[in-house]
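# Structure here, sequence nowhere to be found:
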(Lines give C-alpha, C1' and ligand atoms only; values in the text may rest on other atoms or scores of the structure.)
Protein backbone atom coordinates (compact mmCIF):
# COMPACT_ATOMS: atom_id res chain seq x y z
CA UNK A 1 0.00 0.00 0.00
CA UNK A 2 1.44 3.31 -0.98
CA UNK A 3 1.85 6.12 1.51
CA UNK A 4 -0.73 8.17 -0.40
CA UNK A 5 -3.42 5.48 -0.01
CA UNK A 6 -2.60 5.13 3.73
CA UNK A 7 -2.98 8.89 4.22
CA UNK A 8 -6.28 8.83 2.30
CA UNK A 9 -7.72 6.04 4.49
CA UNK A 10 -6.66 7.75 7.69
CA UNK A 11 -8.31 10.99 6.50
CA UNK A 12 -11.51 9.13 5.56
CA UNK A 13 -11.82 7.42 8.97
CA UNK A 14 -11.10 10.70 10.71
CA UNK A 15 -13.85 12.43 8.71
CA UNK A 16 -16.40 9.71 9.49
CA UNK A 17 -15.48 9.89 13.15
CA UNK A 18 -15.98 13.61 13.14
CA UNK A 19 -19.41 13.25 11.48
CA UNK A 20 -20.64 10.61 13.95
CA UNK A 21 -19.31 12.50 16.95
CA UNK A 22 -21.10 15.64 15.73
CA UNK A 23 -24.47 13.88 15.25
CA UNK A 24 -25.76 14.44 18.82
CA UNK A 25 -24.78 18.10 18.59
CA UNK A 26 -26.72 18.45 15.32
CA UNK A 27 -29.73 16.78 16.95
CA UNK A 28 -29.49 19.17 19.90
CA UNK A 29 -29.27 22.12 17.53
CA UNK A 30 -32.43 20.90 15.75
CA UNK A 31 -34.32 20.64 19.03
CA UNK A 32 -33.13 24.06 20.12
CA UNK A 33 -34.11 25.53 16.76
CA UNK A 34 -37.60 24.07 17.13
CA UNK A 35 -37.76 25.57 20.62
CA UNK A 36 -36.77 28.98 19.28
CA UNK A 37 -39.27 28.94 16.40
CA UNK A 38 -42.13 27.76 18.61
CA UNK A 39 -41.37 30.48 21.14
CA UNK A 40 -41.18 33.08 18.38
CA UNK A 41 -44.56 31.94 17.09
CA UNK A 42 -46.18 32.38 20.51
CA UNK A 43 -44.68 35.85 20.94
CA UNK A 44 -45.38 37.15 17.44
CA UNK A 45 -48.89 35.76 17.16
CA UNK A 46 -49.60 36.80 20.75
CA UNK A 47 -48.61 40.36 19.89
CA UNK A 48 -51.06 40.27 16.97
CA UNK A 49 -53.82 39.09 19.31
CA UNK A 50 -52.91 41.84 21.80
CA UNK A 51 -53.38 44.36 18.99
CA UNK A 52 -56.99 43.14 18.73
CA UNK A 53 -57.60 45.07 21.96
CA UNK A 54 -56.94 48.21 19.94
CA UNK A 55 -59.31 46.90 17.28
CA UNK A 56 -62.10 46.41 19.81
CA UNK A 57 -61.44 49.88 21.24
CA UNK A 58 -61.67 51.54 17.82
CA UNK A 59 -64.68 49.49 16.67
CA UNK A 60 -66.64 50.23 19.83
CA UNK A 61 -65.55 53.89 19.86
CA UNK A 62 -66.99 54.26 16.40
CA UNK A 63 -70.28 52.50 17.17
CA UNK A 64 -71.18 54.32 20.40
CA UNK A 65 -72.46 57.88 20.51
CA UNK A 66 -69.72 60.48 20.87
CA UNK A 67 -70.74 61.36 24.44
CA UNK A 68 -69.66 57.86 25.53
CA UNK A 69 -66.47 57.48 23.48
CA UNK A 70 -63.86 58.33 26.11
CA UNK A 71 -65.44 55.90 28.56
CA UNK A 72 -65.45 53.01 26.08
CA UNK A 73 -61.77 53.70 25.35
CA UNK A 74 -61.00 53.60 29.07
CA UNK A 75 -62.97 50.37 29.54
CA UNK A 76 -61.10 48.64 26.73
CA UNK A 77 -57.60 49.50 27.90
CA UNK A 78 -58.38 48.91 31.58
CA UNK A 79 -60.04 45.54 31.00
CA UNK A 80 -56.91 44.41 29.15
CA UNK A 81 -54.82 45.36 32.18
CA UNK A 82 -57.18 43.69 34.65
CA UNK A 83 -57.32 40.52 32.54
CA UNK A 84 -53.53 40.22 32.49
CA UNK A 85 -53.16 40.67 36.24
CA UNK A 86 -55.92 38.21 37.11
CA UNK A 87 -54.70 35.61 34.62
CA UNK A 88 -51.31 35.78 36.33
CA UNK A 89 -52.68 35.63 39.88
CA UNK A 90 -55.00 32.62 39.47
CA UNK A 91 -56.42 32.34 35.93
CA UNK A 92 -53.62 30.44 34.19
CA UNK A 93 -53.27 27.72 36.80
CA UNK A 94 -57.05 27.27 37.09
CA UNK A 95 -57.08 26.71 33.34
CA UNK A 96 -53.97 24.60 32.78
CA UNK A 97 -52.47 23.10 35.93
CA UNK A 98 -53.75 19.82 37.35
CA UNK A 99 -57.03 19.67 35.43
CA UNK A 100 -56.48 16.01 34.45
CA UNK A 101 -59.79 15.35 32.74
CA UNK A 102 -61.77 17.23 35.40
CA UNK A 103 -63.43 20.61 35.70
CA UNK A 104 -60.88 22.98 37.25
CA UNK A 105 -57.17 23.33 37.88
CA UNK A 106 -55.35 24.73 40.89
CA UNK A 107 -55.58 28.10 42.64
CA UNK A 108 -52.10 29.60 42.66
CA UNK A 109 -50.14 32.39 40.97
CA UNK A 110 -48.36 31.40 37.79
CA UNK A 111 -44.54 31.30 37.67
CA UNK A 112 -42.23 30.66 34.74
CA UNK A 113 -40.04 27.55 34.86
CA UNK A 114 -37.41 27.49 32.11
CA UNK A 115 -34.69 25.78 34.13
CA UNK A 116 -34.52 22.75 31.83
CA UNK A 117 -34.13 24.87 28.69
CA UNK A 118 -31.45 27.00 30.32
CA UNK A 119 -29.61 23.75 31.11
CA UNK A 120 -29.72 22.72 27.45
CA UNK A 121 -32.81 20.46 27.47
CA UNK A 122 -35.52 21.74 25.14
CA UNK A 123 -38.18 19.03 25.53
CA UNK A 124 -40.78 21.62 26.68
CA UNK A 125 -40.84 22.90 23.11
CA UNK A 126 -41.15 26.62 23.97
CA UNK A 127 -40.39 29.09 26.73
CA UNK A 128 -42.89 29.17 29.57
CA UNK A 129 -43.50 32.91 29.43
CA UNK A 130 -44.25 32.84 25.70
CA UNK A 131 -47.02 30.31 26.33
CA UNK A 132 -48.41 32.35 29.25
CA UNK A 133 -48.39 35.54 27.16
CA UNK A 134 -50.18 33.88 24.22
CA UNK A 135 -52.89 32.43 26.47
CA UNK A 136 -53.31 35.68 28.41
CA UNK A 137 -54.18 37.82 25.40
CA UNK A 138 -57.08 35.45 24.63
CA UNK A 139 -58.63 36.22 28.02
CA UNK A 140 -58.72 39.93 27.27
CA UNK A 141 -60.54 39.23 23.99
CA UNK A 142 -63.42 37.53 25.82
CA UNK A 143 -63.77 40.51 28.16
CA UNK A 144 -63.67 43.02 25.27
CA UNK A 145 -66.78 41.41 23.77
CA UNK A 146 -68.79 42.28 26.88
CA UNK A 147 -67.83 45.95 26.97
CA UNK A 148 -69.42 46.77 23.62
CA UNK A 149 -72.78 45.19 24.35
CA UNK A 150 -73.34 46.93 27.70
CA UNK A 151 -71.90 50.27 26.62
CA UNK A 152 -73.51 53.67 27.17
CA UNK A 153 -75.37 52.85 30.40
CA UNK A 154 -73.16 50.72 32.66
CA UNK A 155 -71.02 52.19 35.45
CA UNK A 156 -67.26 51.92 35.03
CA UNK A 157 -66.19 50.34 38.31
CA UNK A 158 -68.90 47.65 38.55
CA UNK A 159 -68.01 46.71 34.96
CA UNK A 160 -64.37 46.29 35.94
CA UNK A 161 -65.34 44.18 38.97
CA UNK A 162 -67.30 41.93 36.62
CA UNK A 163 -64.29 41.79 34.29
CA UNK A 164 -62.14 40.71 37.23
CA UNK A 165 -64.38 37.74 38.02
CA UNK A 166 -64.79 36.80 34.35
CA UNK A 167 -61.06 36.75 33.60
CA UNK A 168 -59.92 35.29 36.92
CA UNK A 169 -62.42 32.46 37.33
CA UNK A 170 -65.23 32.01 34.79
CA UNK A 171 -63.21 32.06 31.55
CA UNK A 172 -60.37 29.92 32.99
CA UNK A 173 -62.84 27.24 34.18
CA UNK A 174 -64.47 26.80 30.77
CA UNK A 175 -61.01 26.94 29.18
CA UNK A 176 -59.86 24.17 31.52
CA UNK A 177 -62.66 21.92 30.27
CA UNK A 178 -61.12 21.91 26.78
CA UNK A 179 -57.68 23.51 26.39
CA UNK A 180 -56.57 22.53 29.89
CA UNK A 181 -57.22 18.84 29.21
CA UNK A 182 -60.55 18.70 31.05
CA UNK A 183 -63.67 16.62 30.58
CA UNK A 184 -64.75 18.17 27.26
CA UNK A 185 -61.40 17.42 25.63
CA UNK A 186 -61.65 13.80 26.82
CA UNK A 187 -65.10 13.66 25.26
CA UNK A 188 -63.70 14.69 21.86
CA UNK A 189 -64.98 18.27 21.69
CA UNK A 190 -63.12 20.41 19.14
CA UNK A 191 -62.61 24.17 19.30
CA UNK A 192 -59.29 25.00 17.65
CA UNK A 193 -58.96 28.69 18.54
CA UNK A 194 -62.08 29.53 20.51
CA UNK A 195 -65.36 30.08 18.65
CA UNK A 196 -67.00 28.81 21.82
CA UNK A 197 -64.24 29.07 24.43
CA UNK A 198 -63.51 32.73 23.74
CA UNK A 199 -66.23 34.31 21.59
CA UNK A 200 -69.32 32.51 22.85
CA UNK A 201 -68.09 32.84 26.43
CA UNK A 202 -67.83 36.59 25.90
CA UNK A 203 -71.18 36.55 24.10
CA UNK A 204 -73.03 34.68 26.86
CA UNK A 205 -71.53 37.04 29.47
CA UNK A 206 -72.62 40.02 27.37
CA UNK A 207 -76.13 38.59 26.94
CA UNK A 208 -76.71 38.14 30.66
CA UNK A 209 -75.35 41.63 31.28
CA UNK A 210 -77.58 43.24 28.64
CA UNK A 211 -80.71 41.55 30.03
CA UNK A 212 -80.01 42.40 33.68
CA UNK A 213 -78.79 45.92 32.89
CA UNK A 214 -81.71 46.76 30.61
CA UNK A 215 -81.85 48.82 27.43
CA UNK A 216 -80.64 52.37 26.99
CA UNK A 217 -83.17 55.08 27.70
CA UNK A 218 -85.38 55.62 24.66
CA UNK A 219 -84.15 52.60 22.72
CA UNK A 220 -87.46 50.66 22.72
CA UNK A 221 -90.83 52.40 22.65
CA UNK A 222 -94.09 51.18 24.12
CA UNK A 223 -95.62 50.78 20.65
CA UNK A 224 -92.91 48.27 19.72
CA UNK A 225 -90.88 50.65 17.57
CA UNK A 226 -87.12 50.87 17.94
CA UNK A 227 -85.12 54.09 18.12
CA UNK A 228 -81.84 53.68 16.22
CA UNK A 229 -78.76 55.24 17.84
CA UNK A 230 -76.23 55.60 14.99
CA UNK A 231 -72.55 55.24 15.74
CA UNK A 232 -70.55 58.46 16.05
CA UNK A 233 -67.56 57.62 13.88
CA UNK A 234 -67.85 54.99 11.13
CA UNK A 235 -64.28 55.49 9.82
CA UNK A 236 -63.06 54.62 13.32
CA UNK A 237 -65.30 51.55 13.39
CA UNK A 238 -63.94 50.49 9.99
CA UNK A 239 -60.35 50.92 11.19
CA UNK A 240 -61.19 48.83 14.25
CA UNK A 241 -62.52 46.04 12.04
CA UNK A 242 -59.36 46.07 9.93
CA UNK A 243 -57.25 45.83 13.10
CA UNK A 244 -59.34 42.93 14.37
CA UNK A 245 -58.98 41.18 11.00
CA UNK A 246 -55.19 41.55 11.22
CA UNK A 247 -55.08 40.35 14.80
CA UNK A 248 -57.17 37.31 13.93
CA UNK A 249 -54.24 35.85 11.97
CA UNK A 250 -52.41 35.60 15.27
CA UNK A 251 -55.53 34.37 17.04
CA UNK A 252 -56.09 31.42 14.70
CA UNK A 253 -52.61 30.94 13.26
CA UNK A 254 -50.89 31.03 16.63
CA UNK A 255 -53.27 28.36 17.89
CA UNK A 256 -51.31 25.88 15.82
CA UNK A 257 -49.03 26.17 18.89
CA UNK A 258 -45.90 25.26 16.93
CA UNK A 259 -43.66 26.54 14.16
CA UNK A 260 -40.78 24.11 14.44
CA UNK A 261 -41.37 21.91 11.41
CA UNK A 262 -42.38 22.20 7.79
CA UNK A 263 -45.70 20.54 8.62
CA UNK A 264 -46.45 23.20 11.24
CA UNK A 265 -45.52 26.01 8.86
CA UNK A 266 -47.80 24.58 6.17
CA UNK A 267 -50.65 24.17 8.66
CA UNK A 268 -50.25 27.75 9.90
CA UNK A 269 -50.21 29.09 6.34
CA UNK A 270 -53.44 27.22 5.57
CA UNK A 271 -55.02 28.64 8.72
CA UNK A 272 -54.03 32.19 7.75
CA UNK A 273 -55.55 31.72 4.29
CA UNK A 274 -58.78 30.19 5.60
CA UNK A 275 -59.14 32.93 8.21
CA UNK A 276 -58.73 35.62 5.58
CA UNK A 277 -61.27 34.13 3.19
CA UNK A 278 -63.89 33.52 5.88
CA UNK A 279 -63.76 37.21 6.81
CA UNK A 280 -63.98 38.25 3.16
CA UNK A 281 -67.00 36.01 2.62
CA UNK A 282 -68.65 37.33 5.79
CA UNK A 283 -68.49 40.90 4.50
CA UNK A 284 -69.80 40.10 1.02
CA UNK A 285 -72.64 37.97 2.39
CA UNK A 286 -73.65 40.65 4.92
CA UNK A 287 -73.63 43.34 2.20
CA UNK A 288 -75.81 41.20 -0.06
CA UNK A 289 -78.22 40.42 2.76
CA UNK A 290 -78.65 44.06 3.82
CA UNK A 291 -79.21 45.06 0.19
CA UNK A 292 -81.96 42.44 -0.15
CA UNK A 293 -83.57 43.11 3.25
CA UNK A 294 -83.27 46.90 3.53
CA UNK A 295 -82.67 47.95 -0.11
CA UNK A 296 -79.42 49.59 0.98
CA UNK A 297 -76.03 48.34 2.10
CA UNK A 298 -75.42 48.87 5.81
CA UNK A 299 -71.79 49.60 6.73
CA UNK A 300 -72.08 48.63 10.40
CA UNK A 301 -73.58 45.25 9.48
CA UNK A 302 -70.90 44.75 6.81
CA UNK A 303 -68.25 45.33 9.48
CA UNK A 304 -69.95 42.89 11.81
CA UNK A 305 -70.25 40.50 8.86
CA UNK A 306 -66.45 40.40 8.69
CA UNK A 307 -66.26 39.67 12.40
CA UNK A 308 -68.99 37.06 12.06
CA UNK A 309 -67.01 35.31 9.35
CA UNK A 310 -63.87 35.39 11.48
CA UNK A 311 -65.65 34.02 14.54
CA UNK A 312 -67.28 31.29 12.44
CA UNK A 313 -63.98 29.92 11.12
CA UNK A 314 -62.21 30.09 14.48
CA UNK A 315 -63.40 26.73 15.82
CA UNK A 316 -61.86 24.86 12.90
CA UNK A 317 -59.59 26.94 10.66
CA UNK A 318 -57.15 24.06 10.15
CA UNK A 319 -59.26 21.57 8.22
CA UNK A 320 -61.42 23.37 5.60
CA UNK A 321 -60.42 24.02 2.03
CA UNK A 322 -60.52 27.65 0.91
CA UNK A 323 -63.92 26.98 -0.64
CA UNK A 324 -65.27 25.52 2.59
CA UNK A 325 -63.86 28.44 4.57
CA UNK A 326 -65.70 30.86 2.27
CA UNK A 327 -68.99 29.01 2.83
CA UNK A 328 -68.52 28.91 6.61
CA UNK A 329 -67.66 32.62 6.72
CA UNK A 330 -70.52 33.59 4.39
CA UNK A 331 -73.07 31.81 6.55
CA UNK A 332 -71.62 33.69 9.52
CA UNK A 333 -72.16 36.99 7.70
CA UNK A 334 -75.76 36.03 6.90
CA UNK A 335 -76.43 35.02 10.50
CA UNK A 336 -75.19 38.41 11.72
CA UNK A 337 -77.72 40.25 9.57
CA UNK A 338 -80.59 37.92 10.54
CA UNK A 339 -79.76 37.95 14.26
CA UNK A 340 -79.68 41.73 14.78
CA UNK A 341 -83.44 42.36 14.21
CA UNK A 342 -84.30 39.22 16.18
CA UNK A 343 -82.31 40.47 19.17
CA UNK A 344 -84.01 43.86 18.82
CA UNK A 345 -87.43 42.18 18.84
CA UNK A 346 -86.52 40.56 22.15
CA UNK A 347 -85.75 44.10 23.42
CA UNK A 348 -82.17 43.20 24.22
CA UNK A 349 -80.03 46.30 23.67
CA UNK A 350 -76.71 45.27 22.11
CA UNK A 351 -74.92 48.54 21.29
CA UNK A 352 -72.27 47.20 18.90
CA UNK A 353 -73.87 43.98 17.62
CA UNK A 354 -71.52 41.73 19.58
CA UNK A 355 -74.21 39.14 20.36
CA UNK A 356 -74.88 38.43 16.70
CA UNK A 357 -71.22 38.43 15.66
CA UNK A 358 -69.63 36.63 18.62
CA UNK A 359 -72.37 34.54 20.26
CA UNK A 360 -74.49 33.46 17.29
CA UNK A 361 -71.52 32.95 14.96
CA UNK A 362 -69.53 31.30 17.75
CA UNK A 363 -72.24 28.67 18.05
CA UNK A 364 -72.45 28.27 14.27
CA UNK A 365 -68.70 27.96 13.86
CA UNK A 366 -68.43 25.32 16.57
CA UNK A 367 -71.26 23.25 15.10
CA UNK A 368 -69.74 23.56 11.61
CA UNK A 369 -66.48 21.83 12.54
CA UNK A 370 -67.67 18.27 11.74
CA UNK A 371 -68.42 19.35 8.14
CA UNK A 372 -64.68 19.55 7.46
CA UNK A 373 -63.15 17.52 10.28
CA UNK A 374 -64.10 13.80 10.15
CA UNK A 375 -62.66 13.22 13.62
CA UNK A 376 -65.41 15.27 15.27
CA UNK A 377 -69.11 14.68 15.89
CA UNK A 378 -72.13 16.99 15.96
CA UNK A 379 -73.40 15.54 19.24
CA UNK A 380 -70.10 16.22 21.01
CA UNK A 381 -69.95 19.72 19.61
CA UNK A 382 -73.51 20.36 20.83
CA UNK A 383 -72.61 19.14 24.33
CA UNK A 384 -69.74 21.60 24.41
CA UNK A 385 -71.83 24.53 23.19
CA UNK A 386 -74.71 23.85 25.61
CA UNK A 387 -72.60 23.08 28.68
CA UNK A 388 -70.36 26.12 28.32
CA UNK A 389 -73.34 28.33 27.45
CA UNK A 390 -75.30 27.19 30.50
CA UNK A 391 -72.33 27.56 32.84
CA UNK A 392 -71.40 31.05 31.66
CA UNK A 393 -75.01 32.27 31.53
CA UNK A 394 -75.69 31.14 35.11
CA UNK A 395 -72.40 32.25 36.68
CA UNK A 396 -72.28 35.64 34.96
CA UNK A 397 -75.93 36.28 35.85
CA UNK A 398 -75.07 35.66 39.51
CA UNK A 399 -72.20 38.14 39.31
CA UNK A 400 -74.25 40.80 37.48
CA UNK A 401 -77.15 40.44 39.96
CA UNK A 402 -74.81 40.58 42.97
CA UNK A 403 -73.32 43.82 41.63
CA UNK A 404 -76.76 45.22 40.75
CA UNK A 405 -78.17 44.75 44.25
CA UNK A 406 -75.06 45.89 46.13
CA UNK A 407 -73.19 48.71 44.40
CA UNK A 408 -75.48 49.12 41.39
CA UNK A 409 -74.46 48.70 37.77
CA UNK A 410 -76.50 51.30 35.91
CA UNK A 411 -75.90 54.99 35.38
CA UNK A 412 -78.76 57.29 36.41
CA UNK A 413 -81.07 58.70 33.75
CA UNK A 414 -79.38 62.08 34.10
CA UNK A 415 -75.91 60.54 33.69
CA UNK A 416 -77.11 58.58 30.67
CA UNK A 417 -78.54 61.75 29.18
CA UNK A 418 -75.33 63.79 29.47
CA UNK A 419 -73.19 60.77 28.54
CA UNK A 420 -70.82 58.63 30.55
CA UNK A 421 -67.80 60.67 29.43
CA UNK A 422 -68.85 63.74 31.43
CA UNK A 423 -70.71 61.77 34.13
CA UNK A 424 -67.92 59.31 34.97
CA UNK A 425 -64.73 60.86 33.60
CA UNK A 426 -65.49 64.57 33.57
CA UNK A 427 -64.20 64.90 30.04
CA UNK A 428 -65.17 64.43 26.40
CA UNK A 429 -63.49 62.46 23.63
CA UNK A 430 -64.06 65.27 21.11
CA UNK A 431 -64.19 68.49 23.18
CA UNK A 432 -63.59 70.75 20.19
CA UNK A 433 -66.86 69.61 18.63
CA UNK A 434 -68.72 71.36 21.46
CA UNK A 435 -72.38 70.46 21.80
CA UNK A 436 -72.18 68.13 18.88
CA UNK A 437 -71.65 65.33 21.36
CA UNK A 438 -74.87 66.13 23.23
CA UNK A 439 -77.37 66.42 20.46
CA UNK A 440 -78.37 62.77 19.98
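Looks like it came in fine. Because the structure is a prediction, the values reported are computed rather than measured.
# Apart from its chain neighbours, what residue comes closest to the spatially most central residue of the chain?
What sits nearest the mean C-alpha location of the chain, by C-alpha atoms, centre = their mean, is residue 141, with 4.2 Å. Nearest non-adjacent residue to residue 141, counting by C-beta to C-beta, 6 or more residues apart in numbering: residue 198, 5.5 Å away. Every C-beta, even on glycine, is put in place using the N, C-alpha and C of the backbone.
# Check which element follows the least confident helix or strand in the chain by mean pLDDT along the chain.
The helix or strand of the chain with the poorest confidence is helix 3-63; it has a mean of 76 (mean pLDDT, DSSP states H and E). The helix or strand immediately downstream of helix 3-63 is helix 69-86, counting by DSSP states H and E.
# Run through the stretch 301-440 of the chain and note the low-pLDDT ranges.
434-440 (pLDDT under 70).
# hmm, who's touching stretch 224-233?
Residues outside stretch 224-233 that contact it (C-beta atoms under 8 Å, 6 or more residues apart in numbering) are 61-66, 69, 152, 216, 218-221, 237, 300, 344, 351, 437, 440.
# Just the buried residues out of those residues, in ChimeraX syntax.
Selection of the buried residues among the contacts of stretch 224-233 in ChimeraX, burial being defined by 16 or more other C-beta atoms under 10 Å:
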select :61,62,63,64,65,66,69,152,216,219,220,237,300,344,351,437
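# mind listing what the residue nearest to the centre of the chain touches?
Taking C-beta under 8 Å, 6+ apart, we find residue 141 in contact with 49, 52-53, 56, 194, 198-199, 202, 251.
# do that again at 10 Å, thanks
49-50, 52-53, 55-56, 80, 83, 171, 194, 198-199, 201-202, 244, 247-248, 251, 358 (C-beta atoms under 10 Å, 6 or more residues apart in numbering).
# how far away is it from residue 295?
For residue 141, the distance to residue 295 (C-beta to C-beta, to the nearest Å) stands at 35 Å.
# With residue 139 instead?
According to C-beta to C-beta, residue 139 stands 41 Å off from residue 295.
# Then residue 360?
24 Å.
# what's the nearest residue to residue 63 once chain neighbours are set aside sitting at in phi/psi?
Spatially, and ignoring its direct neighbours in sequence, residue 63 is nearest to residue 231 (3.9 Å; C-beta to C-beta, 6+ apart). The phi/psi pair for residue 231 (degrees, to the nearest 10) reads phi -70, psi 160.
# so what pLDDT did residue 231 get?
Residue 231 is assigned 92 on the pLDDT scale.
# now do residue 1
Predicted confidence (pLDDT) for residue 1: 45.
# Am I right that residue 232 sits in a helix?
No: Residue 232: not assigned to a helix; according to DSSP: H, G, I helix; E, B strand; the rest coil it is coil.
# residues near it, how many?
22 (other C-beta atoms under 10 Å).
# roughly how far apart are it and residue 244?
19 Å.
# what's the answer for residue 138, then?
Taking C-beta to C-beta, one finds residue 138 at 14 Å from residue 244.
# Same check on residue 339?
18 Å.
# now the helices for the stretch 151-300 of the chain?
For the stretch 151-300 of the chain, the helices defined by DSSP state H, counting those that start in this stretch occupy 156-165, 171-178, 183-187, 201-213, 234-253, 262-294, 299-314.
# now the ones you listed as a markdown table including distance to residue 376?
Formatted as a markdown table, those follow (distance: least, C-beta to C-beta, whole Å):
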| stretch | distance to residue 376 |
| --- | --- |
| helix 156-165 | 31 |
| helix 171-178 | 13 |
| helix 183-187 | 11 |
| helix 201-213 | 20 |
| helix 234-253 | 17 |
| helix 262-294 | 16 |
| helix 299-314 | 15 |
